[in-house]
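K.L.:
just a sequence and a predicted model for now, questions to come.
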Amino acid sequence: MRRWTRAALPTLILSSLVALLWARGSQSLPLYATRTGLLCGSCHFDPNGGGPRNEFGFAFARNRHRLEPEDSTSQWHDLSVVNKIGDNMPVFIGLNQRFMLLADDTGQYQNLDRLGFFNMENAIYLTFQPHNKLTLVYSRDGFESGSSTQDAFGLISGGPWNSYLKAGRFRTPFGLRTDDHTVATRNSFLDFQSGASFLPYDPRLPDEGLELGADRGGFFARAAFTNGASSVFAPNEHAQAKTLKLGWHNAWYQGGASIYDDFRGDGNLFPRATRWGYYQLTRLGPVDFIGEIAAGTDEFADSVSPAHKNNLIAGYGELDYAPTRALNFRVRYDHIELSSADDWTTWASNAYDRYALEGEIVPVPFAELRWTIRHIIPRYTAPDETQEYLQFHFSY
């Protein structure tokens, strides 16, 4: 408890001061869908959300994440910037930078284990839309020597039932797409513990392949066929990763079930990885709920045990409350079990809980200050861990 108090105090003081200065909501993509009753593709060129915003999504960000414009008492009510160059040059430009101060404490040292600045992302987006049935999206992550192309795909839309075909590099449509990759059902939160994650792939990185999707009424469907862990340049490997998502939404609810299966071949040390899950978004007045539960199986093969399996389970739930346009507060609980072993010690050594208190402050359009206090409790012998960060998020 003493470690928790010592690590959390600086963030509590700083966040309280900032809130008082700008008490006048959140960038977690599912949160905005929950509040508006819209699918993520309403604001983004990608039907699954994330990446560059279309004109509607840009206006939503300009209004500090509200559908209604700023009122006449706000100094931002007449802000009229756009992200599109022009009608005869239909190019949309976007930027995204996340810079953070991160602190971590497990009690191994007298002071904090880690404290420093970290540049999470500095991306540039270019989107070309020569007409309303064709969209070309390109994302570049960073400007340094180690930067790389992320999403790069073409999207043909406007088919029956509002269907579309996507081809290129994109994020698989499994479950929710959220900008917090540390939730239990994604990469999880064990960077400074075991380093293990729930998903068999990194959700921050795109895969390559095809995706089909459609929306009709409140129903929506997505299906993707991608490389997964396979590579066309490796011998005797075949693209066999398949993703399917089915869901329904209305003004106050959205839910979806997903399955991901990557069959890597019988001769592979990891011949198959499968995940399935269900998520739900709902709201009641000013309170929003986001939750997801997922499970999966990894298959292993080696000389000792030719075929054995490991089952995993993960889930999280959060409540968000935005008292004003510029403030959002969140509480979240995550749980993950990375092993289904019958032996209690093995199971408990791979089970973790995380409790979080978080928030966002939007002092001006296109800029957010985020703060987080997170406490990770391993079920067995590893020490408790306290993380906190202050993130500066700039986007356009």
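P.N.:
Done, it's in. Numbers count the residues shown, from 1 in each chain.

K.L.:
helix, strand or coil for residue 41?
P.N.:
helix (DSSP: H, G, I helix; E, B strand; the rest coil).

K.L.:
ok, it touching residue 49?
P.N.:
Yes: the pair residue 41 and residue 49 passes the contact test of C-beta atoms under 8 Å, sitting 6.3 Å apart. All C-beta atoms are positioned from the backbone trio N, CA, C, and that covers glycine.

K.L.:
ok, those two, which is more surrounded?
P.N.:
residue 49 (24 against 21; other C-beta atoms under 10 Å).

K.L.:
excluding covalently adjacent residues, which one is nearest to that one?
P.N.:
Residue nearest to residue 49 in three dimensions, not counting chain neighbours: residue 40, with 2.6 Å by C-beta to C-beta, 6 or more residues apart in numbering.

K.L.:
per-residue pLDDT of the residue nearest to residue 54 when sequence neighbours are not counted, please?
P.N.:
With sequence-adjacent residues excluded and distances taken as C-beta to C-beta, 6+ apart, residue 54 is closest to residue 45, at 5.5 Å. We have a pLDDT of 94 for residue 45.

K.L.:
tally of neighbours for residue 45?
P.N.:
Based on other C-beta under 10 Å, the number of other residues close to residue 45 is 24.

K.L.:
that one reaches residue 52, doesn't it?
P.N.:
Yes: contact status for residue 45 versus residue 52: in contact at 5.6 Å, counting by C-beta under 8 Å.

K.L.:
what about the most centrally placed residue in the chain, which SS state?
P.N.:
For the chain, the residue sitting closest to the mean C-alpha position, by C-alpha atoms, centre = their mean, is residue 178 at 2.0 Å. For residue 178, the assignment made with three-state DSSP gives coil.

K.L.:
separation between the residue nearest to residue 229 when sequence neighbours are not counted and residue 236?
P.N.:
Spatial nearest neighbour of residue 229, excluding adjacent residues (C-beta to C-beta, 6+ apart): residue 264 at 5.3 Å. Using C-beta to C-beta, to the nearest Å, we find residue 264 at a distance of 11 Å from residue 236.

K.L.:
those two: who's more crowded?
P.N.:
Per other C-beta under 10 Å, whichever of residue 264 and residue 236 has more neighbours is residue 264, with 20 against 8.

K.L.:
so which bits of stretch 171-183 are buried?
P.N.:
Residues of stretch 171-183 classed as buried: 171, 172, 173, 174, 175, 176, 177, 178, 179, 180, 182, 183 (neighbour count, 16 or more other C-beta atoms under 10 Å).

K.L.:
correction: stretch 269-278
P.N.:
271, 272, 273, 274, 275, 276, 277, 278.

K.L.:
now swap in stretch 251-270 and tell me
P.N.:
Neighbour count says stretch 251-270 has 254, 256, 258, 259, 260, 261, 262, 263, 264, 268 buried, by 16+ other C-beta under 10 Å.

K.L.:
repeat for stretch 215-230
P.N.:
215, 220, 221, 222, 224, 226, 227, 228, 229, 230.

K.L.:
cool, and stretch 80-87?
P.N.:
Buried, per 16+ other C-beta under 10 Å, within stretch 80-87: residue 83.

K.L.:
what about whichever strand or helix holds residue 391, average pLDDT?
P.N.:
Counting by DSSP states H and E, the element that carries residue 391 is strand 385-395. Per-residue pLDDT over strand 385-395 has a mean of 95.

K.L.:
give me the sheet partners of it and which way each runs.
P.N.:
strand 91-105 (antiparallel), strand 367-378 (antiparallel) (DSSP bridges).

K.L.:
contacting residues for the residue nearest to residue 229?
P.N.:
228, 229, 230, 237, 240, 270, 271, 272, 273 (C-beta atoms under 8 Å, 6 or more residues apart in numbering).

K.L.:
hmm, back to that, which neighbours do residue 45 and residue 52 share?
P.N.:
92, 127, 137.

K.L.:
out of the residues you listed, who's the most crowded?
P.N.:
Highest neighbour count within these, by other C-beta under 10 Å: residue 137, with 26 neighbours.

K.L.:
quick one: that residue and residue 150 touch, right?
P.N.:
No: the criterion here is C-beta under 8 Å, and residue 137 misses it with residue 150 at 9.9 Å.

K.L.:
pipe the strands paired with strand 385-395 into CSV and attach distance to residue 114 and mean pLDDT per row.
P.N.:
Putting these into CSV (distance: least, C-beta to C-beta, whole Å; pLDDT from 0 to 100) gives the following:
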stretch, distance to residue 114, mean pLDDT
strand 91-105, 4, 95
strand 367-378, 14, 96
